[in-house]
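A.B. asks: give me coordinates for this.
(one chain, ligands or ions: 1)
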Amino acid sequence: MTNFLANKKILLIVSGGIASYKSLDLIRRLQEKKVRVECILTESAKKFINPITFESLLGKNVYSNLFTLSQEKEMNHIKLASNSDAIVVVPCTANFLAKMANGIADDLSSNVLLASNKIKMIAPAMNTNMFNNQAVKLNLKSLSKMSVNILSPKKGKLACGTVGTGKLMEVEEIVEKINNIFSPKELNGLKAIVTAGPSIETIDPVRFLSNFSSGIQGYEIAKSLHNHGAKVTLVTGKTNLDDPKDLEIIKVKDAEDFYKTCRSKLPYDIFVSAAAISDWKVKKIFSEKIKKNKNEINIIFKKNVDILQNISKNKNKPKLIIGFSAETTNLINSSKSKLFKKGCDWIIANNVKSQPVFGSNYNQVSFITKKNVENWNKMKKSEVAKKITKKIVNFFKKNKLIP
Ligand SMILES: Cc1cc2nc3c(=O)[nH]c(=O)nc-3n(C[C@H](O)[C@H](O)[C@H](O)COP(=O)(O)O)c2cc1C
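C.D. replies: Presented below is the predicted three-dimensional model:
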């Protein structure tokens, strides 16, 4: 990930929960990214970890007491608030987010937050029942409305022994989210449609034709374009992935749904067709369940609508159209001819036989334009998404198409 954090000043507030110790790892990772970290511990946080551990890691004092600060005059709570580029609360207890949501300022950390107009991020972590409590939900909703960025907890085994939602987001992911906040929003003002996941073509009331697409690559592209400021709609088939935050998400089933949705959204600037759409559909869907008393059955499939080709032909076509090509043989030549036949600008090609692509977090792709072929190394799908985003940003900058 490109480091947008170097020399940024981050104020970390640690509140008192079982995950408080994870903030130490966060400090270490932020330091690796050359972040200048200041730290406030709530009184409860100090019950979980001794401040000396933080001070050793930071090589300086941590703050905690509102009144000691103002007596010293060297650093008051207003200064602590205004000196930072962002304030992050990791972990954020149910109690602390309730105070934030209601403007309570009864200790140093809550005073600093109230006195700050800087970027605010919180990573809640708590027992599942606490997280599902209506009061917590309402508080999180209020904070979201106040433009506080919420780094939602994950599902997993919690310290109290239960399994459910409430586990602190992985520290690595927290760093990535903080980094994204500072990424330049070069695609501001541009609209993008990204398709992802598999299509499902009905055969009879209980059976369907689909494929192994997990949707990971399309979701990563949608998130990356959003992180760079584009207004993104993700049109997705059925996947097991969490809905990305802050995107418009439209869930569809078959190729016809994908096409109708993508067409109805025109005009837009960027179209990334990463969904695995079935080339065929059943000519006539069986109205009843096909009985199993036959040794063989004949099902007639007919060609499905070609979304990429149709969007590329539309008079309101997007300024940049990117297709995906999954092949098992003759990857580059087939993908190149696809690019010309369908009239798109770029094709991202991958060989789905020589590597496990479906469901994997890794991908090895070739980036194909009308003039060039670049073979990219195997990398995480999130990295592929970032590289594609970089190409998209360069395209819009070079052609002076950014509004
Ligand atoms: C052992 C223990 C573990 C706790 N873990 C959590 C937790 O994970 N999340 C949470 O919201 N509260 C947790 N609490 C409750 C908070 O510590 C309590 O609400 C406290 O007032 C929070 O203070 P603060 O928000 O000022 O840091 C825990 C309490 C104890 C005794």
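A.B. asks: what about the lengthiest helix in the chain, average pLDDT?
C.D. replies: Longest helix of the chain, by residue count under DSSP state H: helix 381-398. Computed over helix 381-398, the mean pLDDT rounds to 96.
A.B. asks: likewise for stretch 210-228?
C.D. replies: For stretch 210-228, the per-residue pLDDT averages 95.
A.B. asks: how is the chain carved up into domains?
C.D. replies: Listed domain ranges for the chain are 9-181, 191-398 (source: automatic domain parsing).
A.B. asks: now do the same contact list for Gly197.
C.D. replies: Ser213, Ser214, Gly215, Gly218, Thr236, Gly237, Lys238, Thr239, Ala275, Ala276 (Cβ atoms under 8 Å, 6 or more residues apart in numbering). (C-beta placed from N, C-alpha, C; glycine too.)
A.B. asks: got the phi and psi for the fourth one?
C.D. replies: For Gly218, the backbone dihedrals are phi -60, psi -40 (criterion: degrees, to the nearest 10).
A.B. asks: so what's the residue count around it?
C.D. replies: When neighbours are defined as other Cβ atoms under 10 Å, Gly218 has 28 of them.
A.B. asks: ok, residues contacting the longest helix of the chain?
C.D. replies: Helix 381-398 is contacted from outside by 1-2, 186-187, 190, 216-217, 220-221, 223-225, 227-228, 269-270, 272, 319-320, 322, 346, 348, 360-363, 365, 367, 376, 379, 401-402, using Cβ under 8 Å, 6+ apart.
A.B. asks: could you export that helix as PDB, CA atoms only?
C.D. replies: The C-alpha trace of helix 381-398 is given here as PDB (Å, rounded to 0.1, in the frame of the first residue of the first chain):
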ATOM      1  CA  LYS A 381      -6.100  -8.900  -5.300                       C
ATOM      2  CA  SER A 382      -6.200  -5.700  -3.200                       C
ATOM      3  CA  GLU A 383      -2.800  -4.800  -4.800                       C
ATOM      4  CA  VAL A 384      -4.100  -5.600  -8.300                       C
ATOM      5  CA  ALA A 385      -7.000  -3.200  -7.500                       C
ATOM      6  CA  LYS A 386      -4.700  -0.500  -6.500                       C
ATOM      7  CA  LYS A 387      -2.500  -0.900  -9.600                       C
ATOM      8  CA  ILE A 388      -5.600  -0.700 -11.800                       C
ATOM      9  CA  THR A 389      -6.800   2.400  -9.900                       C
ATOM     10  CA  LYS A 390      -3.400   4.000 -10.500                       C
ATOM     11  CA  LYS A 391      -3.800   3.300 -14.200                       C
ATOM     12  CA  ILE A 392      -7.300   4.800 -14.100                       C
ATOM     13  CA  VAL A 393      -6.100   7.900 -12.300                       C
ATOM     14  CA  ASN A 394      -3.300   8.400 -14.900                       C
ATOM     15  CA  PHE A 395      -5.700   7.900 -17.800                       C
ATOM     16  CA  PHE A 396      -8.100  10.600 -16.500                       C
ATOM     17  CA  LYS A 397      -5.300  13.000 -15.600                       C
ATOM     18  CA  LYS A 398      -3.500  12.500 -19.000                       C
END
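A.B. asks: in the stretch 1-150 of the chain, which ranges drop under the pLDDT threshold?
C.D. replies: Low-confidence segments of the stretch 1-150 of the chain, defined by pLDDT under 70: 1, 69-75.
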